[in-house]
Structures are given as C-alpha cells and as structure tokens.
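J.: prediction below, plus the sequence it came from.
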Amino acid sequence: MIELDGEQQAARSWFESLRDRICAEFELIEREAGSDAQFAYTAWDREAEGLAPGEGGGGVRGLMKGEVFEKVGVNVSTVAGAFSPEFAKTIHGAGDNPTFFATGISLVAHMANPHVPAVHMNTRFLVTTKRWFGGGADLNPPLAYEADTAAFHASFKQACDAHDPSYYPRFKQWADDYFFIPHRGVHRGVGGIFYDHLEGDFEANFAFTRDVGEAFLAIFPAIVRRRMHMSWTGEERQKQLEWRGRYAEFNLVHDRGTLFGLKTGGNVDAILMSLPPLAAWS
C-alpha cells in the first residue's frame, strides 16, 4: 500500500468523492430516459517491475453504456513509483529525481444523440520534487450549439474568476492551444479550460481544483438534459461518427494523459476508455 501524507490523502479523497457524485448524476439521467443503465466498476493494481501487488497503487475504472451515454468512463487512480530516465526529463520536477506520486480523476463521455456534446474532464495532483495540480474540461460537440458553448464556458469562467481573474483567459487559451489536431488543422471541440503545474499554495490550488470539478458537475448534466430528447437523422449520426474519428486521432497521437498512463504502467483499458465505441473515417 502507498503511504500518503495529508495533502495526498485530501486530494485522493476529493477525486473519489467527485467520481461518486458524477456517476450518480449520470445514472439519474439514464433513469430519466427510461434506462436502468449503471456503472460497472473494475479495480486494478499498477503493475511495474519490482513492485508487489498494491505497492505501486492502482485505481478503479467505472464504465457505463446506456441510452443517453453510449459510452462513458469515469476513472480514479492513485499511483506511485519511478519514471524511466528518459520520460522523467519530460515531467515537471522529475529530471533529477524520477520518483513520483499521482492521484486524479479522468472522465470521457461519448453520447448516443449527435445533438448532445461529448465531453472530457480531468483533475489531478502530482508530486515529484515539486507539487502541483492540473486538469480542466473541454466540450466536444459533433453538432455545436452556441448556447451550449456559452453556458459551458460561463460555468468555468465563474469558477476561475472566484480565484484569480487571470485564470480564465489564460486557461481558456491553453485549452484552445492544447486541444488542437495539428495534422488536421482543426480544434477537436469548442474548448474549455486547461491548466497544469499549478504549484505553491496547496490550499488555494486545491480549492480551485475542487471548484473546477463543481463547475463541471453543475453545467454538463444541464446541457445533456437540454439536448437528449432531440431527434436526429442518419446524416447527423454519420457526422458524429466522423467527428469521433478526429477525437480518436487526437487521443492516440497527441494527448499527454494517454502517454503518461501508458508510460507509468497504468491500466490500459482505463487509459483507452477515452476512445469512442464507434467511429468512422470517410
């Protein structure tokens, strides 16, 4: 078992509690749609050379397939160990000391209805020779609605402004720059916020990270309920499938979280749960 200090335990407990609330809300949406879909949870241990089961930590992969959420994964993990020397050079504060601790929540939802946007959200706390929070959320509609985009951004702007008025414009631009598919020359969605290496005052940064989670829980279910009963055409479904292909390309080629999970002995099924259940390339 990993021994946690007070900050590490506080972060882990928060991410797990946020997971429980998000999953409960998503299951409620399914019931509102007449479905009895529920999350199935699979625990896993981090496997690494020289580690006994549990010594490197692990996590729980939550997965649900329903009428509204065609596929949604909500993962929590708490892991520790050492980066490979080459990979350590790419991680904040790990160049001279490759040991690390990481705890966080990661969520990706692919929706059945093309009018309901897909979404990604994650927040995390990492410890190397430095301690920092990172994360964010971005909305990924196959068929974009300005009202949904505006509401999503407004929710995160409110969370940011409560802590630092410079956060929203800075983190919005970071998301715009990060969630871009260079080989396609397009953004993968309508943005949101992205931040990393937020270090210094643990309590202040932890409070902000909690508010990011609360902002997501406040706005995304509302957007889902606004669109989930709309009818769609075969042409709109095809557009959704082709858009999902772009999403898959980004996550497999450019996403740093995917690389981090694979490089640190994470659960492959949990790491790749971000991929859509169906996609198309025309």
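T.: Everything's here; your move. Numbering: from 1, shown residues only.
J.: for Pro182, which non-adjacent residue is closest in space?
T.: Leaving aside its chain neighbours, Pro182 sits nearest to His254 (7.2 Å; criterion: Cβ to Cβ, 6 or more residues apart in numbering). Every residue, glycine included, has its C-beta placed from N, CA and C.
J.: so that neighbour is in contact with Ile181, correct?
T.: Yes: contact criterion Cβ atoms under 8 Å: His254 and Ile181 qualify, at 7.0 Å.
J.: then Ile91 would be within a helix, right?
T.: No: assigned with DSSP: H, G, I helix; E, B strand; the rest coil, Ile91 falls outside any helix and is coil.
J.: what residues are up against the residue nearest to Pro85 when sequence neighbours are not counted?
T.: Excluding the flanking residues, the one nearest Pro85 by Cβ to Cβ, 6+ apart is Pro98, at 6.4 Å. Contacts for Pro98 (Cβ atoms under 8 Å, 6 or more residues apart in numbering) come out as 82-85, 87-88.
J.: what of Val119?
T.: 107-109, 137-140, 216, 220.
J.: repeat that for 7 Å
T.: Residues near Val119 by Cβ atoms under 7 Å, 6 or more residues apart in numbering: 109, 137, 139-140, 220.
J.: least confident secondary structure element in this structure?
T.: When the helices and strands of the chain are scored by mean pLDDT, DSSP states H and E, helix 256-263 comes last with a mean of 76.
J.: got the buried residues for that one?
T.: Within helix 256-263, the residues that count as buried by 16 or more other Cβ atoms under 10 Å are 257-258, 260-261.
J.: helices or strands up against that helix?
T.: Helix 256-263 makes packing contacts with helix 268-271 when contacts are defined by 3 or more Cβ pairs under 7 Å, 6 or more residues apart in numbering; DSSP states H and E.
J.: just how off-centre is the helix it packs on within its chain?
T.: Centre-to-centre, helix 268-271 and its host chain are 13 Å apart (Cα atoms, centre = their mean, to the nearest Å).
J.: repeat that for stretch 160-179.
T.: Stretch 160-179 sits 16 Å away from the centroid of its parent chain (Cα atoms, centre = their mean).
J.: can you tell me what sits against that stretch?
T.: Identification of contacts with stretch 160-179 by Cβ under 7 Å, 6+ apart yields 136, 138, 156-157, 187-189, 191-195, 208, 211.
J.: try it again with 10 Å
T.: Residues outside stretch 160-179 that contact it (Cβ atoms under 10 Å, 6 or more residues apart in numbering) are 120, 135-140, 153-154, 156-159, 187-196, 198, 204-205, 207-209, 211-212, 215, 247, 250, 254-256.
J.: of those, buried ones?
T.: The neighbour-count test (16+ other Cβ under 10 Å) marks 120, 135-140, 153, 156-157, 159, 187-196, 198, 205, 208-209, 211-212, 215, 247, 250, 254-255 as buried among the contacts of stretch 160-179.
J.: which of those residues fall within helices?
T.: Counting by DSSP state H, the buried ones among the contacts of stretch 160-179 place 153, 156-157, 159, 205, 208-209, 211-212, 215, 247, 250 in helices.
J.: those residues: which two are farthest apart?
T.: Greatest spacing in those, by Cβ to Cβ: Asn205 and Tyr247 (29.1 Å).
J.: strand partners of the helix or strand Gly81 falls within, parallel vs antiparallel please.
T.: Assigned by DSSP states H and E, Gly81 belongs to strand 69-82. Sheet pairing here is set by DSSP bridges, and for strand 69-82 it gives strand 57-64 (antiparallel), strand 99-111 (antiparallel).
J.: show me the contacts for the residue lying closest to Gly189 once chain neighbours are set aside.
T.: Spatial nearest neighbour of Gly189, chain neighbours left out: Asn140 (3.4 Å); criterion: Cβ to Cβ, 6+ apart. By Cβ under 10 Å, 6+ apart, the contact set of Asn140 is 108-111, 117-120, 179, 187-192, 243-244, 246-247, 250.
J.: mind redoing it with 6 Å?
T.: Asn140 is in contact with 117-118, 189, counting by Cβ atoms under 6 Å, 6 or more residues apart in numbering.
J.: show me what it is bridged to.
T.: Per DSSP bridges, residues listed as beta-bridge partners of Asn140: Ala118.
J.: per-residue confidence for it?
T.: Note for Asn140: predicted pLDDT of 97.
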